[in-house]
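Enquirer: model the structure of this input:
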Amino acid sequence: MLALALAACTPGGTDDPPSPSGSATSDAPDPTPSDSGTAGESPTDDASTPSDDATEAPVPFPANTEPDTADPSADAALTVTDVRVGHHDGFDRVVLELGGTGTPGWRVEYVDQPIGDGKGDVVAVDGDAYLQVMISGSGYPMDTGVEEYAGPNPVRAGDDGEVEEVRLLGVFEGYTQAFVGVDDEPRPFRVFALEDPTRVVVDVRDDG
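Expert: Here you go, the predicted model:
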């Protein structure tokens, strides 16, 4: 499906154009750096929050809702430090920021029910469809030396787009699990990574 694409992003600055790899290279446009990520920022964004490019992405939206996967680097030991949600023109963006070493991998897919890996219980997530985000290359704070995300949890997205909320569950056997609650029905999504700081980005297409 879509492969890992990395872009460099500095707080308050511009994103260097990423170089997509794998199957997404044939039709993927070269993204244009933007001056900031202010359009459609989530309520948690402030002057100290890194800019997430809201106008371009290194991969196009797929025409389906199939799972998206990527492998982590061999030295990956990462902890989620922040979760942000924002509504943008044509899509909703979920950003999971990570601290630690290496680059993350992931498996992102729609599931029938949001079930936690640790206990196997159904998790309360607001939405009609459930997008499960599994970030591989994850570690506990005691192993990564990074303070984990402290909330709010879930992160509410408001009523303007397709994403209703994001609930972070934590780390289990090398994976960080989170669920994205989507309104109405499964929507096409794309996944990619950004660097400096390390982030896994999930965009859910909004056709409304």
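Enquirer: rest of the way, CA atoms for contacts and neighbours
Expert: Fine.
Enquirer: quick one: the strands in this protein?
Expert: Counting by DSSP state E, one finds strands in the chain at the ranges 68-70, 77-88, 91-101, 105-111, 129-136, 155-156, 163-172, 175-182, 189-194, 198-205.
Enquirer: now mean pLDDT, distance to Met142 and mean neighbour count too, for those strands, in CSV please.
Expert: Listed next are the strands of the chain as CSV, based on pLDDT from 0 to 100; distance: least, C-alpha to C-alpha, whole Å; neighbours: other C-alpha atoms under 10 Å:
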stretch, mean pLDDT, distance to Met142, mean neighbour count
strand 68-70, 98, 25, 19
strand 77-88, 95, 10, 24
strand 91-101, 96, 11, 24
strand 105-111, 98, 20, 20
strand 129-136, 98, 17, 25
strand 155-156, 95, 24, 20
strand 163-172, 96, 12, 23
strand 175-182, 98, 15, 25
strand 189-194, 95, 24, 26
strand 198-205, 96, 19, 24
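Enquirer: nearest to Asp121, of these?
Expert: Across these, Asp121 has its closest neighbour in strand 163-172 (11.5 Å, C-alpha to C-alpha).
Enquirer: now for that closest one, which elements pack on it?
Expert: strand 155-156, strand 175-182 (3 or more C-alpha pairs under 8 Å, 6 or more residues apart in numbering; DSSP states H and E).
Enquirer: any idea how far it is from the chain center?
Expert: Distance of strand 163-172 from the chain centroid (C-alpha atoms, centre = their mean, to the nearest Å) equals 10 Å.
Enquirer: and the angle for it with strand 91-101?
Expert: For strand 163-172 against strand 91-101, the angle by axes from the mean of the first three to the mean of the last three C-alpha atoms, to 10 degrees is 20 degrees.
Enquirer: oh, and call the first residue 850 from now on, that's how I've got it
Expert: I'll keep to 850 as the first residue from here, and by that count the last item is strand 1012-1021.
Enquirer: mind saving the C-alpha coords of strand 1012-1021 as PDB?
Expert: Taking Å, rounded to 0.1, in the frame of the first residue of the first chain, the C-alpha atoms of strand 1012-1021 are listed here in PDB:
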ATOM      1  CA  VAL A1012     -12.500  12.000  13.000                       C
ATOM      2  CA  GLU A1013     -14.300  12.200  16.300                       C
ATOM      3  CA  GLU A1014     -11.600  11.300  18.800                       C
ATOM      4  CA  VAL A1015      -8.300   9.500  19.300                       C
ATOM      5  CA  ARG A1016      -7.700   7.200  22.300                       C
ATOM      6  CA  LEU A1017      -4.200   6.100  23.200                       C
ATOM      7  CA  LEU A1018      -3.900   2.800  24.900                       C
ATOM      8  CA  GLY A1019      -0.100   2.500  25.500                       C
ATOM      9  CA  VAL A1020       2.700   0.000  24.800                       C
ATOM     10  CA  PHE A1021       2.400  -3.800  24.700                       C
END
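Enquirer: brilliant, that's me finished.
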